[in-house]
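J.: Fold the following.
(one chain, ligands or ions: 2)
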Amino acid sequence: MPAELATWPAWTPGEEQLAELELLTSGAFAPLAGYLTTADLASVAERGQLADGTFWPVPVTFTVPADAVPADARHLVLQDQEGSPLAVLQITERADARAGDGAGLRLAGPVTALRAPEHGPFRALRRTPAMVRATIGTAPVLAIATRRPLGQRQLGQLRHLADQLRARVLLLPLVAGPAELVGRPEALVRAVLAAARQLPASTLVVPVPLAPRDGTAQELAARAVVAAAYGATHLLTDGAAAAESGGTRSVDSNFDFAKLGMQVISEGEWAFDPAAEVWRPLGLIEPGMERGELSDGELSELLDSGTPVPDWLMPAGVAAELRRARPPRSDRGVVVFCTGLSGSGKSTLARDLRDALLERGDRTVSLLDGDLVRRLLSSGLTFSREDRDLNILRIGFVATEVARHGGIAICAPIAPYAAARAAVRAMVTEAGDFMLVHVATPLEVCEARDRKGLYAKARAGIIGSFTGISDPYEEPVDADLVIDTSVVSRQDAVAAVLGQLTRGGWLVS
Ligand SMILES: Nc1ncnc2c1ncn2[C@@H]1O[C@H](COP(=O)(O)OS(=O)(=O)O)[C@@H](OP(=O)(O)O)[C@H]1O
Ligand SMILES: Nc1ncnc2c1ncn2[C@@H]1O[C@H](COP(=O)(O)OP(=O)(O)O)[C@@H](O)[C@H]1O
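T.: Numbering: from 1, shown residues only. Ligands and ions are numbered 1, 2, ... in the order given. Okay, the predicted model is just below:
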């Protein structure tokens, strides 16, 4: 470690940035030595090469918030989430960039690794390109780099091509960013390992932390660069990556895969032949008999309803991983999030729903009632916008964990701000499903009920910032169910939610 390390500013990059840092330091982005400068980026876009003429087709950049690095800093220590140094970026250029919603600083310069990252599922499978190349020797290597589980179609093609080319197969699940269909990267790795069991025993599986790129051409170029670093001589594209490039060998006029010493093979038109019970080129199948792959939507519907995925689409082992990642709705966690004014009937509905679910006994249920949360989880918080938002995020965090473990969480805060509700929806849907119930009882009715006498106090100015009186309530435009308890009885209100849960498949009738 350099002696000055402790005096340099440090920064913990986000998950995708950490992933790319790993590619830089492992050699997967060789010959790149660091993050691209403005001149490099222009040259990459125009000519598919760095400013010094080195062949390089993919933008690799590093952006931090504008205030993260002092103006005179020459070095930045990049550390992992525990604050332990991973690498040093020697800053040779700083440029304005948009980062998320705020102003950002794009930093360029060479990166020196201090140590390899240590954590993350399936880390033991991650090998450096040099290690993989040493293992596979000089034989042709057929790779596929993918963000989605491999089905029978890809497996059929891999077997066919590997046979033709006498190539060893290299499967590169891309584990930075969301995985298609299965969500979590570790679920993708499990699905790819299950697929590998259908391929020759010499098949290698190496997870690669390549973050998703903007646009299909960029994505394919990035996959090609990484596959070549791992020793691939041939890369089979998957549907998504091939679509825009038209399946040709160059993504655009600036990019020639041959410069990587590699051939990109388009997946071409294959279909399932029910007569021969194999996937094969369309031309070999009696016209009209062919069967194609299901769309993601169709496949998701099968999984949601618990219908088995047919064996001609996916080997049983891969289908089992998909089911695990996306269980049928009857087993999947769901958050019922009630929002509405004070006195609208949220707590009553939430408790009635909990009781009805307890009576059924087929799902586990947790109630995160507004009042209870304010006493335990959020004690000490005020009713300022910041504190209300924090309160809602805390509720969302706990509800997400309940959903992750397959339970039903019922929440009943006022949740007056649309942005906080949206943040919770986004958080929850990473782990399960989300249903927003707007308890839309009119303000006049809530005020007339005034069970706690709070509206009277708010009108009298004794309580400030009272929702609906002196503080905003942003009406949801994304509610999955709207219930006005001034016209809907308690029984009908709970029946409406139960009906929605049943129609959606979360409860089995
Ligand atoms: N200023 C102000 N505005 C709104 N509500 C107030 C306020 N002060 C106290 N209370 C009582 O707190 C309950 C609302 O808390 P929540 O945690 O649901 O609110 S929020 O979602 O964080 O906005 C709410 O309970 P419910 O009536 O059950 O909604 C009120 O009783
Ligand atoms: N469906 C309904 N029909 C009639 N009154 C209701 C209904 N739901 C709730 N109430 C009444 O409204 C009042 C406020 O309900 P509560 O559940 O405490 O609201 P919140 O939690 O939104 O503040 C209570 O007196 C309750 O009995």
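J.: Okay, now the unreliable bits of this structure?
T.: Applying pLDDT under 70 to the chain picks out residues 99-102, 239-255.
J.: how about a cut-off of 50?
T.: Where the chain drops to pLDDT under 50, the residues are 241-254.
J.: what's downstream of the longest strand along the chain, the next helix or strand?
T.: Longest strand in the chain, counting residues (DSSP state E): strand 102-113. Sequence order places helix 129-136 as the next helix or strand after strand 102-113, per DSSP states H and E.
J.: helices and strands around that following helix, which ones?
T.: strand 168-173, strand 204-205 (3 or more CB pairs under 8 Å, 6 or more residues apart in numbering; DSSP states H and E). C-betas here are computed from N, CA, C, even on glycine.
J.: Including mean neighbour count and distance to ligand 2, could those strands go into a markdown table?
T.: Formatted as a markdown table, the helices and strands packed on helix 129-136 follow (neighbours: other CB atoms under 10 Å; distance: least, CB to the nearest ligand atom, whole Å):
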| stretch | mean neighbour count | distance to ligand 2 |
| --- | --- | --- |
| strand 168-173 | 25 | 46 |
| strand 204-205 | 18 | 51 |
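J.: Kindly state the beta-bridge partners for the closest residue to residue 259 other than its chain neighbours.
T.: Spatial nearest neighbour of residue 259, chain neighbours left out: residue 55 (5.0 Å); criterion: CB to CB, 6 or more residues apart in numbering. Going by DSSP bridges, residue 55 is paired in beta bridges with residue 49.
J.: so residue 55 touches residue 44, yeah?
T.: No: between residue 55 and residue 44 there is no contact under CB atoms under 8 Å: 10.1 Å.
J.: Residues of the stretch 351-500 of the chain that sit close to ligand 1?
T.: Within the stretch 351-500 of the chain, the residues that sit near ligand 1 (CB under 6 Å from any ligand atom) are 370-371, 374, 383, 388, 391-392, 413-416, 452, 454, 463, 465-467, 471.
J.: mind redoing it with 8 Å?
T.: Residues of the stretch 351-500 of the chain lying near ligand 1 by CB under 8 Å from any ligand atom: 369-371, 373-374, 378, 381, 383, 387-388, 391-392, 412-416, 451-452, 454, 458, 463-468, 470-471.
J.: hmm, back to that, partner strands of the longest strand of the chain and their direction?
T.: Applying DSSP bridges, strand 102-113 is found paired with strand 34-35 (antiparallel), strand 62-65 (antiparallel), strand 85-90 (antiparallel), strand 93-99 (antiparallel).
J.: Take those strands and write them to JSON lines, including mean neighbour count.
T.: Listed next are these as JSON lines, based on neighbours: other CB atoms under 10 Å:
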{"stretch": "strand 34-35", "mean neighbour count": "23"}
{"stretch": "strand 62-65", "mean neighbour count": "20"}
{"stretch": "strand 85-90", "mean neighbour count": "21"}
{"stretch": "strand 93-99", "mean neighbour count": "14"}
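J.: could I get those strands as TSV with distance to ligand 2?
T.: Below are the strands paired with strand 102-113 laid out as TSV (distance: least, CB to the nearest ligand atom, whole Å):
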stretch	distance to ligand 2
strand 34-35	51
strand 62-65	39
strand 85-90	48
strand 93-99	39
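J.: okay if I get those strands as JSON lines plus distance to residue 405?
T.: Output for the strands paired with strand 102-113, formatted as JSON lines (distance: least, CB to CB, whole Å):
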{"stretch": "strand 34-35", "distance to residue 405": "40"}
{"stretch": "strand 62-65", "distance to residue 405": "34"}
{"stretch": "strand 85-90", "distance to residue 405": "32"}
{"stretch": "strand 93-99", "distance to residue 405": "34"}
